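> with the sequence up front, the predicted model follows.
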Amino acid sequence: MADSVNFSGLSSGIDSTSLIKALVDAKRQPIVLLQAQADEYQANITRMDDFAGKLTTLRSAAQTLATASSFSAFSTSTSNSDVMTVAASTSASEGNHTVVVQQLAAGQTSKSDQTSVSANNPFGLDGKLTLTPAAGTNVSVPVNQVSFLATDSLSAIRDKINNSTPTAYGSLSFLAVPTSGTKLAIDDKTYEFYDSGAGAYSGTNIGVDVNGATSDVVATRLASAAAGTGSLMTTIGSVITVKAKTAGSGGNLIGMTNTNAAGGTDGAIQMSGTKLSGGIPSYSAGLINSGTTAAPSWSLVLSGKSMGEVSAFTTNYTPTVPGDPKTLSFANVQTARDSIIDIDGMNGIRRSTNVITDVIAGVTMNLVDAPADKKAVSIGVAKDNGAIRSKVDAFIKAYNDIASYIRTNSQYDATTKKAGPLQGDLAISTVSNGLSSSLVNSVSGLGGNYNALSRVGIRTGSDGTLTMDTAKFDTAMSADFKGVVDLFTKNLTTGTKGVASQIMDKVDRWMSPVDGIVANRKKSLQTNITNINASVTQKESSVTLYEASLKVKFANMEQLIGSLKSQGQTLGSI
């Protein structure tokens, strides 16, 4: 009860509450100092986090300069961008070329001969349209077969084509009779040729007898053996056309392999069109009104999804009822053709696209037009010193950010007469010295004129930051490009590590979460905070007991003084 009721100075006239508070505050001063120290340690952890972020940025900048491919930056030029544009990758080489665009690539477009006044009224077709790659063009393009009903409109026919699933086909030609023991894998079945004259077939595959057979007979026997397997085979003489399963792997997949008894290939069997995958139509359909709004004339238009001569296709409409006069035929409005260019005196280079990537190594030519005058276009590929210089600028900026941060947080303030919070920090000084040694010293093991950053115009100023003399840097690039590359990169042949490679290695070591100096410094600071918090907790308990004892002592004093005053008053009244 004594602690909850305050009779401070009631008898003595002393403000014991204020006196106790002053004594307790004095007792708590070591705690206040410890808490301030803990706050400063926590602030330094935040500073180390900021410092680590800047080191990470420097490492990223160094990484863009650490390999030879980093310096493979090229600029391109073209004398006529209306005819062609040019781009270069890191695998390009410097050079100038002369190109004549003789022809642009185009895909086939075919328009139906039959038209309709409405895209949505029944068109009256009852049959099947087959879209097939033109002979000798592209065996890797599956065949599309689409069935129509008489009630289908042109819009419905268009949608059926666009949503159809192509069918994969392959071709088998028997040039001779396969040897006994040869295996032929088609879809998910394996057929094995055997000679019944030597005994009945005892294998686990589907047996095909070659006894007494010619190549035509073998083809017929194989097609018969495949009946019911899902791989539809039709024969014409010794040639078999194989249609893949409608639900094979990957939509429609036909993968044919031919293995003889010795593990090789049986030359008697010739295959083509193998491993064809379906699932996506190779053609697209659309509708065009070539009439007027008042008198429309809707046509069905088919286009190959690829370009070049390989996109050529043929159409064949088969009515359900033979002799049905309602038909569907097409006329080409755009013939499939390859792009054709002449380059540096080499004429007639053909590609199935207008974006040519495999003629000049590392260079992409985007063909835009084939002018009638066939005037040559000059294109150039040159080292892009500006792009390389930008990477070096980013590296310098990242380092300067670190140098400024260290200087700001470490320098002595003459006004406040206080040192910066990171002055004397071992981690900071280790990193600072390590960076300086790589940036100022010559690269060990590197000969030539450009074995230090100062040799290429990159110098350290009085404030510790780097500056670049761009003219001197460009001169070095022109004089000895490889020497400048080696100054920054790791040479895989000699093992010499350039400046950027050194910086990456050092930052990785400093930033290691296991034993890196930055991580260890943060751990040390956190340990200090933990120890201080434990000490504060202990001292707070001591202060609490001290405060309680003071309150008891002052309460007893007040009681004693009050008693003495009472006795004095009693004696005074006698």
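Okay, I see it.
> drop to CA atoms for contacts and neighbour counts, all remaining ones
Noted.
> pLDDT weak spots in this protein?
Scanning the chain for pLDDT under 70 picks out 1-13, 135-143, 165-170, 187, 230-231, 244-256, 272-282, 574.
> can you spell out the domain ranges of it, please?
1-73+384-565, 74-105+338-383, 109-166+280-334, 169-277 (automatic domain parsing).
> could you find the closest non-adjacent residue to S110?
Spatial nearest neighbour of S110, chain neighbours left out: N332 (4.2 Å); criterion: Cα to Cα, 6 or more residues apart in numbering.
> give me the number of neighbouring residues for that neighbour.
Applying other Cα atoms under 10 Å, we find 16 residues neighbouring N332.
> name the helices or strands packed onto the longest helix seen in the chain?
Counting residues, the longest helix in the chain under DSSP state H turns out to be helix 517-572. Counting contacts by 3 or more Cα pairs under 8 Å, 6 or more residues apart in numbering; DSSP states H and E, helix 517-572 packs against helix 16-63, helix 426-440, helix 499-510.
> what residues are up against A176?
The contact partners of A176, taken as Cα atoms under 8 Å, 6 or more residues apart in numbering, are T214, S215, A268, I269.
> pick out the most distant pair among those.
Spatially, the most separated pair among the contacts of A176 is T214 and I269, at 12.8 Å (Cα to Cα).
> more neighbours: which of these two?
Neighbour count, other Cα under 10 Å: between T214 and I269, I269 has more, with 19 against 16.
> ok, and the closest non-adjacent residue to that one?
Among residues not flanking I269 along the chain, F174 sits closest, at 4.8 Å (Cα to Cα, 6+ apart).
> same thing with I343?
V99 (4.5 Å).
> pretty sure that neighbour sits in a strand.
Yes: under DSSP: H, G, I helix; E, B strand; the rest coil, V99 falls within a strand.
> who is it paired with across the strands?
On the basis of DSSP bridges, V99 is bridged to I343, V377.
> cool, T467 as well?
Taking DSSP bridges as the rule, T467 bridges to R459.
> quick one: it from D126, how far?
In this structure, T467 and D126 are 79 Å apart, going by Cα to Cα, to the nearest Å.
> and A227, how many residues sit next to it?
The tally of other residues near A227 (other Cα under 10 Å) stands at 11.
> so it: helix, strand or coil?
Put simply, A227 is coil when judged by three-state DSSP.
> cool, T241 as well?
Put simply, T241 is strand when judged by three-state DSSP.
> please give the element, helix or strand, for the residue nearest to it when sequence neighbours are not counted.
Spatial nearest neighbour of T241, excluding adjacent residues (Cα to Cα, 6+ apart): S171 at 4.7 Å. Take DSSP states H and E as the rule and S171 turns out to sit in strand 169-174.
> re the thing from before, the more surrounded of T467 and D126?
D126 (20 against 16).
> how about the strands in the stretch 101-250 of the chain?
Under the criterion DSSP state E, counting those that start in this stretch, the stretch 101-250 of the chain contains strands at 109-116, 127-133, 144-148, 169-174, 183-186, 189-194, 206-209, 232-236, 239-243.
> can you list those in a markdown table and add distance to R459?
Listed next are these as a markdown table, based on distance: least, Cα to Cα, whole Å:
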| stretch | distance to R459 |
| --- | --- |
| strand 109-116 | 64 |
| strand 127-133 | 66 |
| strand 144-148 | 68 |
| strand 169-174 | 68 |
| strand 183-186 | 69 |
| strand 189-194 | 72 |
| strand 206-209 | 79 |
| strand 232-236 | 76 |
| strand 239-243 | 72 |
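> and these: which comes nearest D515?
Closest to D515 of those is strand 183-186 (Cα to Cα; 58.2 Å).
> quick check: neighbours of that closest one in the sheet, parallel or antiparallel?
Strand pairing for strand 183-186, determined by DSSP bridges: strand 189-194 (antiparallel), strand 257-259 (antiparallel).
> which of the residues in the last one are buried?
So the one you mean is strand 257-259. The neighbour-count check on strand 257-259 (16 or more other Cα atoms under 10 Å) flags N258, T259 as buried.
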